[in-house]
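A.B. asks: Compute the structure for the input listed below.
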Amino acid sequence: MTRRLVVVGASLAGLRAVEGARRAGYEGPITLIGAEDHLPYDRPPLSKAFLESGAQAPFYRTEAEITGELKAELMLGAPARQLDPVQRVVVVDGREVPYDGLVIATGAGARQFPDAGQLAGVHALRTLDDALAVRAALESGPRVVVIGAGFIGSEVASAARKRGLPVTIVETEPTPLVRAIGTAMGQACSALHLAGGAELRFGVGVAALEGDGKVERVRLTDGTVIPADLVVAGIGAVPATEWLTGSGLDIDNGVVADATLATGLPGVYAAGDVVRWFNPLFDRYMRLEHWSSAAEQGAAAGAAAAIPGTAVPYETVPYFWSDWYDARIQFVGVPDAQEAQLALGDVESGRFVTLYRTGDRLAGALAMNQPREIMKFRALIARRATWSDALAFAAQRRELARAGTR
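C.D. replies: The predicted structure is shown next:
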């Protein structure tokens with residue numbers, strides 16, 4: 001059994017690693033290191049309900065629970081600076097924290113818009129502090145420009161529109177979420193923004209943010225100028241791996257790990273947004289920024305790092321959700337498919353399920369306002385269902401819906 005377990009990243013994955021180690025029977029010392037001053041907190045609400053109301057910070061556990069019930073030492077506000085695999089220590093602001101088992105769960109940081117730091121009123125949204133700053137800015141009734149029509153940007157736009165604020169969304173792609181869900185379904189999501197009253201500027205980029213000390217306008221690449229008091233950039237995230245430079249780890253769009261989440265270093269595992277691991281279910285490497293996978297990976301990595309020899313392959317069907325206006329969008333599987341077919345409902349009603357095919361397998365499913373249905377298709381993907389089996393199952397669901405017994 002590992003003599004000392006260290007978890008770097010006081011994230012969802014990091015907290016679950018601590019819990020997973022304890023659940024597996026590990027009784028030794030655990031140190032949980034976090035770059036932020038905050039206890040581990042739930043990120044999805046930060047761009048959703050948290051922006052719409054005065055909700056409290058969504059912490060998972062109290063300090064007493066982490067240090068008492070889980071018996072973990074907390075080192076918060078202490079970013080890891082270096083990993084020395086020879087001495088088997090994590091360097092934290094000059095202090096060396098020794099480990100026998102290590103879980104890397106440092107997540108990802110928001111990609112920053114170039115030169116954004118020169119003007120007040122320009123924000124990314126990734127951390128609790130980011131969300132607090134954006135929420136405070138929304139209170140003053142600003143004209144809002146959102147750069148990027150992905151899930152974070154769209155959730156921010158939705159929250160601002162619910163406050164009755166003028167919102168313009170700028171997106172370089174002609175259709176939002178093309179890489180995530182495809183063109184046709186991206187257009188269906190665009191309709192939510194239009195119905196919600198947001199102004200859309202698609203197929204055009206941002207040339208410059210302008211203002212005198214504070215952002216006042218956004219200049220687009222087509223010459224258009226949009227007045228703005230608040231700009232939120234939702235342009236993706238970058239794995240937090242800078243501190244691992246020189247460690248000997250394979251870094252390629254995250255920490256590369258095998259199917260068991262093990263890295264190339266003895267006793268070192270990775271989990272959450274920072275890891276790109278081999279998912280046996282899809283026979284490929286993946287890096288996911290999804291709540292469910294971070295939680296599951298953290299628990300698996302924590303147990304494996306704490307008790308050597310117990311690691312098993314981790315496979316999952318990716319799952320994420322997003323709330324826009326009064327709609328819930330859910331996706332399972334992978335979107336890079338050869339065919340997408342509407343299987344249940346209709347796009348016009350805002351209640352539908354679309355299936356995605358790769359080869360002869362069901363690869364993914366997108367649902368809008370169909371929460372009961374989407375998980376059934378996730379189960380089919382997990383069972384490696386064929387495309388014909390998926391279509392037959394969808395036909396059964398349609399019949400049940402018509403009969404009113406679904």
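A.B. asks: measure Gly182 to Asp360 for me?
C.D. replies: To Asp360, Gly182 is 19 Å away according to CB to CB, to the nearest Å. Yep, even glycine has a C-beta here, placed from its N, CA and C like the rest.
A.B. asks: quick one: which of those two has more around it?
C.D. replies: Gly182 (21 against 10; other CB atoms under 10 Å).
A.B. asks: Might one say that the more buried one is in contact with Gln338?
C.D. replies: No: using CB atoms under 8 Å, Gly182 makes no contact with Gln338, being 11.0 Å away.
A.B. asks: Need the three-state assignment for the spatially closest residue to Ala228 that is not a sequence neighbour.
C.D. replies: Of all residues not flanking Ala228 in the chain, Val145 sits nearest, at 4.2 Å (CB to CB, 6 or more residues apart in numbering). Secondary structure, DSSP: H, G, I helix; E, B strand; the rest coil: Val145 is strand.
A.B. asks: Can you report how many residues neighbour Val145?
C.D. replies: Neighbours around Val145, by other CB under 10 Å: 30.
A.B. asks: what do you get for Asp250?
C.D. replies: Residues near Asp250, counting by other CB under 10 Å: 14.
A.B. asks: ok, it to Leu244 distance?
C.D. replies: From Asp250 to Leu244 the distance is 10 Å (CB to CB).
A.B. asks: before we move on, what about Cys189?
C.D. replies: 36 Å.
A.B. asks: Okay, strands next: where are they in the stretch 201-350 of the chain?
C.D. replies: Secondary structure of the stretch 201-350 of the chain (DSSP state E, counting those that start in this stretch): strands located at 206-210, 217-220, 225-227, 230-233, 237-239, 255-257, 268-270, 275-279, 284-286, 319-324, 327-333, 339-346.
A.B. asks: In TSV: these, plus mean pLDDT and distance to Gly121.
C.D. replies: TSV is the format used below for these (pLDDT from 0 to 100; distance: least, CB to CB, whole Å):
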stretch	mean pLDDT	distance to Gly121
strand 206-210	95	9
strand 217-220	97	11
strand 225-227	98	12
strand 230-233	96	5
strand 237-239	96	22
strand 255-257	98	35
strand 268-270	98	36
strand 275-279	98	34
strand 284-286	96	36
strand 319-324	92	24
strand 327-333	94	29
strand 339-346	92	39
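A.B. asks: packing partners for the host helix or strand of Asp130?
C.D. replies: For Asp130, the element it lies in under DSSP states H and E is helix 128-138. Packing partners of helix 128-138 (3 or more CB pairs under 8 Å, 6 or more residues apart in numbering; DSSP states H and E): helix 49-52, strand 122-124, helix 151-162, strand 230-233.
A.B. asks: What residues does Thr221 make contact with?
C.D. replies: If you count contacts by CB atoms under 8 Å, 6 or more residues apart in numbering, Thr221 has them with Val204, Gly205, Val206, Ala207.
A.B. asks: least trustworthy helix or strand in the chain by mean pLDDT?
C.D. replies: Here the helix or strand of the chain ranked lowest by mean pLDDT, DSSP states H and E is helix 178-181, holding a mean of 75.
A.B. asks: related to what we said a few turns ago, more neighbours: Cys189 and Leu244, which one.
C.D. replies: The neighbour count for Cys189 versus Leu244, taken as other CB under 10 Å, is higher for Leu244 (25 against 22).
A.B. asks: Let's see the pLDDT reported for the residue nearest to Ala367 when sequence neighbours are not counted.
C.D. replies: Among residues not flanking Ala367 along the chain, Ile374 sits closest, at 3.9 Å (CB to CB, 6+ apart). At Ile374, the pLDDT value in this model is 96.
A.B. asks: One more: Asp129?
C.D. replies: 96.
A.B. asks: Distance of Ala120 relative to Ala228?
C.D. replies: 12 Å.
A.B. asks: List the buried residues for the least confident helix or strand of the chain?
C.D. replies: By neighbour count, with 16 or more other CB atoms under 10 Å as the criterion, the buried positions of helix 178-181 are Val178, Ala180, Ile181.
A.B. asks: And stretch 119-129, by the same measure?
C.D. replies: For stretch 119-129, burial by neighbour count (16+ other CB under 10 Å) applies to Leu119, Gly121, Val122, His123, Ala124, Leu125, Arg126, Thr127, Leu128.
A.B. asks: list the contacts for the second one?
C.D. replies: So that's Gly121. Ala137, Pro142, Gly211, Lys214, Val215, Ala228, Asp229, Leu230, Val231.
A.B. asks: How many residues are close by the second one?
C.D. replies: Just to be clear, that refers to Pro142. Counted with other CB under 10 Å, Pro142 comes out at 20.
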